[in-house]
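[1] got a structure for you, letters missing:
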C-alpha cells in the first residue's frame, strides 16, 4: 500500500514542520555565509574590479571621442583650406579674363 495512506494527520504535520525547520536552517546558514568576512571581502574585491573596469571603459571612450573630434577638426580645416584655394583660383582666373578683355 501507499505509505501516505498509512500515515496519520499528526505524523504528516510533524513531517511538514521538520521540513520547514530544515528549510529555515538552510536559509540561516546561507545568510550567515553571505555575511561572513570572506564573502564581504570577495564582494568588495569584485566591486573594485568593476570600478576599475568602468574607469578603463570611460577612459577609452574619452580617447575615442578626442580622436574623433581631432579628426573632425582636421577635416574641417582641410575643407576650409580647399575652399579658400578654390576661391583664390577662381578669383585669379577672373582677374586674368578681365585683364585679357581690358
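    Looks like it came in fine. Model, not experiment: these values are computed from the prediction. Numbering: from 1, shown residues only.

[2] distance of residue 73 from residue 89?
    Taken as CB to CB, to the nearest Å, the spacing of residue 73 relative to residue 89 amounts to 25 Å. Any C-beta I mention is one placed from the backbone N, CA and C, and that applies to glycine too.

[3] and residue 63, how far from residue 69?
    Counting by CB to CB, the gap from residue 63 to residue 69 is 11 Å.

[4] and for stretch 52-68, what's in contact with it?
    Stretch 52-68 is touched from outside by no residue, with contacts defined as CB atoms under 8 Å, 6 or more residues apart in numbering.

[5] mind listing the shared neighbours of residue 63 and residue 69?
    Shared contacts of residue 63 and residue 69, defined by CB under 8 Å, 6+ apart, are absent.

[6] residue closest to the middle of this protein?
    To find the centre residue of the chain, average its C-alpha atoms and take the closest one (CA atoms, centre = their mean): that gives residue 54, at 7.1 Å.

[7] and that residue, how far from residue 99?
    Between residue 54 and residue 99 the distance, using CB to CB, works out to 67 Å.

[8] can you show me the helices along the chain?
    All helices of the chain, identified by DSSP state H, fall at 3-6, 9-34, 37-101.

[9] for those helices, give me a markdown table that also has mean pLDDT.
    Putting the helices of the chain into a markdown table (pLDDT from 0 to 100) gives the following:
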| stretch | mean pLDDT |
| --- | --- |
| helix 3-6 | 60 |
| helix 9-34 | 91 |
| helix 37-101 | 94 |
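
[10] pull the residues that contact stretch 91-98.
    Contact with stretch 91-98 is made by no outside residue, as judged by CB under 8 Å, 6+ apart.
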